[in-house]
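Q: structure of the sequence below:
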Amino acid sequence: MTAPPSEDHERETPAMSVRGAAAWAMGGQYLSFAMQFATSVVISRFFLSPAEVGLFSIGLAAALLVAILQDFGLSRYISGLPRLDSAEIARCSSVALVFSLGIVAVIAALAWPLARLYDYPTLAPILLIIAGSYLFLPLAVVPMALMARSMQFHGHFAVNVGSAAVQGGVAVALAAAGYSSFALAWATVSSAATRALIAQFLRPAIPWPLRLEGIRPVLSFGARSSTLYLTGALGTRTPDLIVGKLLNVAAVGLYSRAVSLSDQFRTLISGAIGSVFYPAFARIRDRGEPLGPAYLRVCAGYSAVIWPGMAGLALAAEPIVRLLYGDAWIRTAPLLSMISITEIMLISLPLVSDLPILLGRLNRLLAYNIIDTALSIALLALGCLWGVEGAAASRLVYGVLWLLLYTRFMHGLVRFDARAMLGIYARSAAATLAAIAPLTLCYLFWAPPSQLNFGPLLGATVAGGLAWLAMLALLRHPALDDLLGLAASLPVGRRFIKARA
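A: Next comes the predicted model:
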């Protein structure tokens, strides 16, 4: 007997194209980034010191390490299901509720021990406030996953932009009122509550009453996914904890600001598109088509866009930090340069977690992830012997080893054409050099980084963007058509193309 149409409506409803979904995802990411970036600048320049930011960063890093279970693999589980009915949605919502309550309990239990470990009593109430944000988690996880499954990324746009606006407003208001690190903690709660309200409004999936029968497949997938994410989190979410313990909270503030700015910039460029690729690759898999050509297109897009962006951020780190955050944060500049260069290496093999999960290679991925995490932690701890600058320099070594570790694994998994990939990366490297050439010339013939003002920096950035586009066209970079198609899917792009026609 065939299921009624409503039983699998998430697959049967018309879905937007991958380009359309990417346009919505990027639009939401751009606006969210602008709000988060403006918030960080205002707070860092006018209200909070590196030590105050560092104290919150330690608490958030500890909470995020526990909260690696927050999603419990539900987003990928839901996106990867060939069919989905209301009973399965109820089971996933129930699992989300149970695990969110567990996360709250664990973070609350760790609050005082961590405060004593770091000898900062204020850390305990900050952790308790952050723990409260996870009470709203189950109201957002499943609705967001359902919207991603059906490629309805206009819903993600509303959730991300709305929560970023509320978080920024609360953070600035409370920081101005003298709440110190607590301003950032309460802003985290406000963001989580906003995400939950908007997500439930757009795609209701109330996790009550609990439906726990038949949850074994969900738990099995979630347990393996969470083990993988936990090992990954030990490498990506412990740096603030390690730096805070081996150095001091001011060093954490400087390091976390550099990491945050690099992450925000990378996400601004194309981080949101990653949420589009997983369901897109799931459809390719379901059709039985080879993944190699599609993966090369992803690599082309990422390297063509992110490499120039991160290289430019690394080169412009000192004037950017000085202009945005002031002299109190100037030690962030060399850290930002090193971390931005590391991002270039880490983005050269995209979807290293997503595709193995999608293709059922979770156990093998877990083994690679354990090695990856051990390298990250060991190198960071070793780098701290040379201060916060050494901690950032350790990321460069880690990036090289990461590439060596995962390249063969991804090639065996996806079977991409290695020669074609090298050709793509050669063209992306040339476009990157073209993009940073104007700023390099500006340093040589106009003013050094310590004296460069906003006007010349902006002019060099615009010139670099034009040189980048010209190089993409000259080399016939394979990402150019996708970039133009993505631009055409945006309302502004469509109007521009019509006007030229």
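Q: the helix or strand harbouring Val397 packs against which elements?
A: Val397 is part of helix 387-414, with elements assigned from DSSP states H and E. In terms of contacts (3 or more Cβ pairs under 8 Å, 6 or more residues apart in numbering; DSSP states H and E), helix 387-414 is packed against helix 239-246, helix 249-270, helix 332-346, helix 354-358, helix 362-383. Just so you know, the C-beta spots here come from the backbone N, C-alpha and C atoms, and that holds for glycine as well.
Q: for Glu52, what are its contacts?
A: Listed by Cβ atoms under 8 Å, 6 or more residues apart in numbering, the contact partners of Glu52 are 180-181, 253.
Q: possible to save those as a markdown table with neighbour count and pLDDT?
A: What follows is the contacts of Glu52, written out as a markdown table (neighbours: other Cβ atoms under 10 Å; pLDDT from 0 to 100):
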| residue | neighbour count | pLDDT |
| --- | --- | --- |
| Ser180 | 20 | 86 |
| Ser181 | 26 | 84 |
| Gly253 | 30 | 86 |
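Q: and which of these is nearest to Arg203?
A: Relative to Arg203, the closest of these is Ser181; by Cβ to Cβ it sits at 34.2 Å.
Q: buried ones in stretch 416-432?
A: Using 16 or more other Cβ atoms under 10 Å as the test for burial, stretch 416-432 gives 416, 421, 424-425, 427-428, 430-432.
Q: surely Ile198 and Val161 touch.
A: No - applying Cβ atoms under 8 Å as the test, Ile198 and Val161 come out as separate, 9.1 Å apart.
Q: follow-up on the earlier one: go through the helices and strands packed on helix 387-414 and name the closest to Ser303.
A: Per Cβ to Cβ, nearest to Ser303 of the helices and strands packed on helix 387-414: helix 332-346, 8.5 Å.
Q: what packs against the closest one?
A: Secondary elements touching helix 332-346 (3+ Cβ pairs under 8 Å, 6+ apart): helix 249-270, helix 292-315, helix 317-325, helix 387-414.
Q: mind splitting this protein into its structural domains?
A: Dividing the chain into domains by automatic domain parsing, as the record does, gives the ranges 10-216, 238-492.
Q: these: lowest mean pLDDT?
A: Lowest mean pLDDT within those: domain 10-216, a mean of 77.
Q: which of the contacts of Glu52 sits closest to Ser40?
A: Using Cβ to Cβ, Gly253 comes nearest to Ser40 of the contacts of Glu52, at 11.7 Å.
Q: so that closest one versus Leu403, what's the distance?
A: In this structure, Gly253 and Leu403 are separated by 30 Å, where distance is defined by Cβ to Cβ, to the nearest Å.
Q: got it, and Gly412?
A: Remark: distance between Gly412 and Leu403 (Cβ to Cβ) = 15 Å.
Q: okay, the two: which has more neighbours?
A: In this view Gly412 and Leu403 are compared by other Cβ atoms under 10 Å, and Leu403 has more residues nearby, 13 against 10.
Q: is it true that that one touches Ile344?
A: No - the pair Leu403 / Ile344 is not scored as a contact, 10.2 Å apart, by Cβ under 8 Å.
Q: how about the secondary structure of Ala205?
A: At Ala205, secondary structure determined by DSSP: H, G, I helix; E, B strand; the rest coil is coil.
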